[in-house]
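Q: Pasting the sequence and the predicted coordinates here, then a few questions.
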Amino acid sequence: MNPADSRSVLRAMFDAAIAAAQPALCVPRHLPPSPKGRLVVIGAGKASAAMARAVEDHWPGPLSGLVVTRYGHAVPCGRIEIVEAAHPVPDAAGEAAARRMIETVEGLTADDLVLCLISGGGSSLLPLALPGLTLADKQALSRALLASGATISEMNCVRRHLSAIKGGRLAAACHPARVINLLLSDVPGDDPIDIASGPTVADPTTCADALDILRRYEIDVPVRALTLLETGEGETPKPGDPRLPAIETRFIATPQMALEAAAAVARDAGLHPYILGDAIEGEARDVATTMAGIALQVARRGQPVPAPCVLLSGGETTVTVRGGGRGGRNVEFLLSLGIALDGEPGIHALAGDTDGVDGQEEIAGAVLAPDTLPRAWKQGLSPRAHLDRNDGHGFFEALGDSVVTGPTLTNVNDFRAIVITAGTSAVGTDGATRRN
């Protein structure tokens, strides 16, 4: 397979992963029967507006509702109101939408049904703080958490215990109506409590857990926030809480489904697909170093699998921000991978976020080739310097290797593919180098 073919297959796999998680495909088969009373649709996330449109297109009866999505991710709906707000740092539009969402579900009866459409990004889009905390407090906390290197699960634990809507509080507001969650997972392990910080599921974590996370990453928070956590005043509804209605949760798309769709494309292209995991976490640059070691072992020794193949993985890495670059975690992974591979022949890679936004840039990710580093040096770019200042986007954009999809209207988290077209050399047990 020549370099152009490798790049084409990488992009085809990425596109297939995104297509497999499109709400228009995933939502209809999970819609419930009509309730005796009203159907009220609520939701939050980068894919929530597209999910709402799919509900409208396939629901036979009356409905109403409110959904909040990221700026630029709105989809026209006739009966469900779509509000846009900021991500990843929240804004006043998201705060107002969260307050209105709680008002939307108040006063329902046991005959009514709340259909909750949740996808990644919902945590930032529902920034309604507990009394005594301000939107500015929430914004500062979001920035600190994003820069700390904390995992998505850790970040969301803190968010839940300082929120007036997350961690099951929105579900409690729905009582006594039934709640059905349709979730489009963007988190490692597909835990409902971590998708948009679980506004409509019970929360098994505690204020003490949130305090431990803040201390671990040395994150400063307002005195009021500490009081809420230390006194337990910020505790969330737990499993079995009588304030919670009957709740049913259905996963309509997950990272594993997206990886399997990419694997099918790989097989059609003559590559053996190997899914390494759909829930890989850790520092992006460290995960990349490990992945590079695996790829080199495949290329040089045919272990643990032979080439031609593709190593597929998903999950959500983190970046501890040390410099003033443009991020994000997928291009940080790819830049670190390129440095570790050091131009190894026959290895190409793509890393991108399936929502089309890596970090805070409207860029999904990038592609890497054996000639990436030589081309960078020729332009006077230092891969190591760009990595040191967390400037993966600046690096790959200068080379023309960014992957730009625009808003994909879905989100099943990070996608990584490393294509190894042929072994380059192998060292036998006698120490002799052999060409493959």
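A: Thanks, I have it.
Q: Next, Thr405: secondary structure please.
A: What DSSP: H, G, I helix; E, B strand; the rest coil gives for Thr405 is coil.
Q: Tell me where the stretch 51-200 of the chain has strands.
A: Applying DSSP state E, counting those that start in this stretch to the stretch 51-200 of the chain gives strands spanning 64-70, 80-85, 113-119, 178-184.
Q: Okay, buried residues for the lengthiest strand in the chain please.
A: Ranked by residue count and defined by DSSP state E, the top strand of the chain is strand 272-280. Residues of strand 272-280 classed as buried: Pro273, Tyr274, Ile275, Leu276, Asp278, Ala279, Ile280 (neighbour count, 16 or more other C-beta atoms under 10 Å). Where C-beta positions appear, they are placed from N, C-alpha and C, glycine not excepted.
Q: cool, stretch 255-275 as well?
A: Residues of stretch 255-275 classed as buried by neighbour count (16+ other C-beta under 10 Å): 255-263, 265-266, 269, 271, 273-275.
Q: And for stretch 377-386?
A: Leu381, Pro383, His386.
Q: Okay, Arg143 and Glu332: tell me how far apart.
A: 18 Å (C-beta to C-beta, to the nearest Å).
Q: of the two, who's got more company?
A: Glu332 (31 against 13; other C-beta atoms under 10 Å).
Q: what about the residue nearest to the more buried one when sequence neighbours are not counted, how many neighbours?
A: Distances taken as C-beta to C-beta, 6 or more residues apart in numbering place Ala284 nearest to Glu332, at 4.2 Å, with adjacent residues excluded. Here the number of neighbours of Ala284 (other C-beta under 10 Å) works out to 30.
Q: cool, Ala20 as well?
A: By the criterion of other C-beta under 10 Å, Ala20 has 21 neighbours.
Q: correct me, but it touches Ala253?
A: Yes: with contact defined as C-beta atoms under 8 Å, Ala20 and Ala253 form a contacting pair (6.9 Å).
Q: which parts of stretch 295-310 are buried?
A: Neighbour counts using 16+ other C-beta under 10 Å place Ala295, Leu296, Val298, Ala299, Arg300, Ala307, Pro308, Cys309, Val310 of stretch 295-310 among the buried residues.
Q: for the helix or strand where the fourth one lies, packing partners?
A: Per DSSP states H and E: Ala299 is located in helix 284-301. Helix 284-301 is packed against strand 272-280, strand 309-315, helix 329-341, strand 347-353, strand 414-420, strand 425-427, with contacts defined by 3 or more C-beta pairs under 8 Å, 6 or more residues apart in numbering; DSSP states H and E.
Q: Reformat those as JSON lines; add mean pLDDT and distance to Asn390.
A: As requested, the helices and strands packed on helix 284-301 are exported to JSON lines (pLDDT from 0 to 100; distance: least, C-beta to C-beta, whole Å):
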{"stretch": "strand 272-280", "mean pLDDT": "96", "distance to Asn390": "20"}
{"stretch": "strand 309-315", "mean pLDDT": "97", "distance to Asn390": "19"}
{"stretch": "helix 329-341", "mean pLDDT": "98", "distance to Asn390": "6"}
{"stretch": "strand 347-353", "mean pLDDT": "97", "distance to Asn390": "15"}
{"stretch": "strand 414-420", "mean pLDDT": "97", "distance to Asn390": "16"}
{"stretch": "strand 425-427", "mean pLDDT": "42", "distance to Asn390": "34"}
